[in-house]
Structures are given as C-alpha cells and as structure tokens.
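Chemist: Here is my input, please return the structure:
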Amino acid sequence: MDIPAMNSHLEASYGPNRGPLRPSTHEYALFYGDPRDGGVEVTGGGYARVTIDGDTDWNPAVDGGISTNLMQLPDTTDEYDVDPDHWALIYDDGGPVLDDSGPLSEPLVVTGAGSGPLVRATPRFADSINPLED
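Modeler: Numbers count the residues shown, from 1 in each chain. Coordinates of the predicted model:
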C-alpha cells in the first residue's frame, strides 16, 4: 500500500475525518509492557488517563503515521509504580476496548511529585497490519 493510502486509512480511523463507526473520543493510557500482550497499566503517583477528543486533538496523517497533539497528564503526586514504555488508546463500548497501542520512544520515568508528563499517541499504519506473534 502506498503512503497516501496509509494516511487516508489512518485519517478514517482517527481525527475529525474518522468514519461514522469510529469512536469520537479515546482515553490515553500508559502501560509497562505491551498492553496487547500482558502489559500492566500504570497506577499510583497521581497517574490518570487523559481523554483524546477525536475532533480537535489529532494532527493530519503524514508518512503512514498519525499523532495527537502533545497532552499533559495530571500532575504527579509521587513516583509511578512502574516506568511505562507503551501507550494505549481505549474507548468505551459498554466496556473498555483496547483500540490501538504502541511503544513510547523511550520509557517514561516519574520519580516524584511535579508537573504531569507531556505525552502523545502515535499510531502507525504498519503497526495495524502486523499481528502479534504467539
């Protein structure tokens, strides 16, 4: 598939041009380990998910990838229980649905109270066509 087609696919999945069956919001979550393969969501230290608005928080797709604007997580109250190395997009469909996930560019280390970390979701088209290996 060529890059323009990949970009079109991503924009039909996320952002203001998403298809009618796609969720309008996601929760952005941090995980230690791949959330599709036993990863554990961060707890403690004031961690909380943030909401991504499908109409305003996504940038246009470029080079087979799409990203959100930078988002700030809530201020931290202490260190996180783990150093997250993956992000996940979760939406509610009568229960939580893991829609997409990927690795952070580097693990996020929170060592104590302070301003919440700046994060972004970065889905890539290639990630959606490479199934997990058993």
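
Chemist: Show me what counts as buried in the helix or strand hosting residue 98.
Modeler: Residue 98 is part of strand 96-103 when elements are defined by DSSP states H and E. Under the neighbour-count criterion of 16 or more other Cβ atoms under 10 Å, strand 96-103 has 99-102 buried. To be clear about C-beta, it is placed using only N, CA and C from the backbone, and glycine gets the same treatment.

Chemist: With stretch 13-25 instead?
Modeler: Neighbour-count burial for stretch 13-25 [16+ other Cβ under 10 Å]: 13-15, 17-18, 23.

Chemist: cool, stretch 30-47 as well?
Modeler: So for stretch 30-47, counting by 16+ other Cβ under 10 Å, buried means 30-32, 35, 39, 41-42, 45-47.

Chemist: about what we covered before: between the buried residues of strand 96-103, which is nearest residue 70?
Modeler: Comparing the buried residues of strand 96-103 against residue 70 with Cβ to Cβ places residue 102 closest, at 16.0 Å.

Chemist: Across the sheet, point out what pairs with the closest one.
Modeler: residue 87 (DSSP bridges).
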